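Trainee: need the 3D shape of this:
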Amino acid sequence: MQALADLRQDIVALDGKTLRRSLDRADGKGPMHLVNAWSSAKALVLAQCKVDANTNEMTALPALLRMLNLTGAVVTMDAMGCQVEIARQIQAQGADDMLSVKENQPTLYHDCVDLFAWLRSPQPLEQPVPWGYDEQVDGDHGRIEIRRVWSTPIPEGLESCARWPGLTSAVMVESIRQLGEAESVEQRYSISSLPGTTQADAQRANRVIRTHWEIEHRVHWVLDVAMGEDSNRTRNGESAQNLARIRKLALNLLRQEPSAQGGIAAKQKRAGWDQAYLLKILSLT
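Mentor: Below you'll find the predicted structure:
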């Protein structure tokens, strides 16, 4: 338990997921939405928090953060979590942040666009702004992706950044995807309390931003495909929320059991057929 409570040097991703079949049209209830926390280093779902009806993730994120001992961790969120009070809470709990910036923060977003457009142009200053750069190339099945990452300290006098606590750097990720003759280019921006001056800083920013998406393909995708969460129609009372919690507990246990080959779905099937294997999984608690 002590090891689980210690998230130093970890990357903790927070993201929301909707249980789509939990809606109840007869009672006028929409589908339940949960916000989840994922530890990359430990490959565990740490906690979940229900989003109240008629609100959004902003009401649940502070409560979810308070559940976690974040000292020494880096917390990542998508644009919904890019809020001043969220950044302040993360840092008050002893963690760094990496927050995606989109047009829900229009002034900040456009300042980031202009900052990196200027940074990548010829700079006439005698003392150019320091920055870090990293590049990675991935490819499979005929697809090639080039990721270029720039990081730079926040320049003095940028008004949109003045109200953000502990804000140290801005990051731009440019993804170039090639599939046959087709090519697409996407640019994404983040702000962070991590430094952004050197190549090592850019490499770290790249790793943190890429790690954030583990919560999508290692948690949410697995819950839907291997555990059928999105098709489950349980809806009475708190049953949908409770079953979602049980699925995540089961997912954590299955991930920690290394002896069986195969994915989560195969391990579930074996646990249903083999009582000795089931007891072995349950003994991990």
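
Trainee: which residue ranges of this protein form helices?
Mentor: Secondary structure of the chain (DSSP state H): helices at 2-5, 61-66, 84-92, 106-119, 159-162, 199-212, 214, 221-225, 239-256, 264-273, 275-282.

Trainee: so which of these gets nearest N232?
Mentor: Nearest to N232 among these is helix 239-256 (6.8 Å), distances taken as Cβ to Cβ. Every residue, glycine included, has its C-beta placed from N, CA and C.

Trainee: could you export that closest one as CSV, CA atoms only?
Mentor: The C-alpha atoms that make up helix 239-256 are tabulated as CSV, following Å, rounded to 0.1, in the frame of the first residue of the first chain:
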residue,chain,number,x,y,z
SER,A,239,-25.3,0.5,-9.7
ALA,A,240,-23.6,1.8,-12.8
GLN,A,241,-21.0,3.7,-10.8
ASN,A,242,-20.4,0.8,-8.5
LEU,A,243,-20.0,-1.7,-11.4
ALA,A,244,-17.6,0.7,-13.1
ARG,A,245,-15.5,0.7,-9.9
ILE,A,246,-15.5,-3.1,-9.8
ARG,A,247,-14.4,-3.3,-13.4
LYS,A,248,-11.4,-1.0,-12.7
LEU,A,249,-10.5,-3.1,-9.7
ALA,A,250,-10.6,-6.2,-11.8
LEU,A,251,-8.6,-4.5,-14.6
ASN,A,252,-5.9,-3.6,-12.0
LEU,A,253,-5.7,-7.1,-10.7
LEU,A,254,-5.6,-8.7,-14.1
ARG,A,255,-2.8,-6.3,-15.2
GLN,A,256,-0.7,-7.2,-12.1
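
Trainee: next, the buried residues of that helix.
Mentor: Using 16 or more other Cβ atoms under 10 Å as the test for burial, helix 239-256 gives 240-241, 243-245, 247-248, 250-255.

Trainee: just give me the closest of those residues to G132.
Mentor: R255 (33.2 Å).

Trainee: any idea how far that closest one lies from V219?
Mentor: 10 Å (Cβ to Cβ, to the nearest Å).

Trainee: hmm, back to that, in TSV, list the helices of the chain along with mean pLDDT.
Mentor: Shown next, in TSV, are the helices of the chain (pLDDT from 0 to 100):
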stretch	mean pLDDT
helix 2-5	50
helix 61-66	94
helix 84-92	96
helix 106-119	92
helix 159-162	87
helix 199-212	95
helix 214	95
helix 221-225	94
helix 239-256	92
helix 264-273	91
helix 275-282	90
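
Trainee: can you tell me which of those helices is most buried?
Mentor: helix 199-212 (a mean of 20; mean count of other Cβ atoms under 10 Å).

Trainee: now stretch 34-54 - C-alpha only, PDB.
Mentor: Taking C-alpha atoms only, stretch 34-54 is exported to PDB below (Å, rounded to 0.1, in the frame of the first residue of the first chain):
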ATOM      1  CA  LEU A  34     -16.900   9.400 -14.700                       C
ATOM      2  CA  VAL A  35     -13.500  11.000 -14.400                       C
ATOM      3  CA  ASN A  36     -10.600   8.500 -13.900                       C
ATOM      4  CA  ALA A  37      -7.000   8.800 -12.700                       C
ATOM      5  CA  TRP A  38      -4.300   6.500 -14.300                       C
ATOM      6  CA  SER A  39      -0.800   5.800 -13.000                       C
ATOM      7  CA  SER A  40       1.500   5.200 -15.900                       C
ATOM      8  CA  ALA A  41       4.400   3.800 -13.900                       C
ATOM      9  CA  LYS A  42       2.300   1.400 -11.900                       C
ATOM     10  CA  ALA A  43      -0.200   0.600 -14.800                       C
ATOM     11  CA  LEU A  44      -3.100   1.100 -12.400                       C
ATOM     12  CA  VAL A  45      -6.400   3.000 -12.300                       C
ATOM     13  CA  LEU A  46      -6.000   5.000  -9.100                       C
ATOM     14  CA  ALA A  47      -9.500   6.400  -8.600                       C
ATOM     15  CA  GLN A  48     -12.700   7.500 -10.300                       C
ATOM     16  CA  CYS A  49     -15.200  10.300  -9.500                       C
ATOM     17  CA  LYS A  50     -18.700  10.700 -10.800                       C
ATOM     18  CA  VAL A  51     -19.600  13.900 -12.600                       C
ATOM     19  CA  ASP A  52     -22.900  15.300 -11.300                       C
ATOM     20  CA  ALA A  53     -25.800  15.600 -13.700                       C
ATOM     21  CA  ASN A  54     -26.100  19.000 -15.500                       C
END
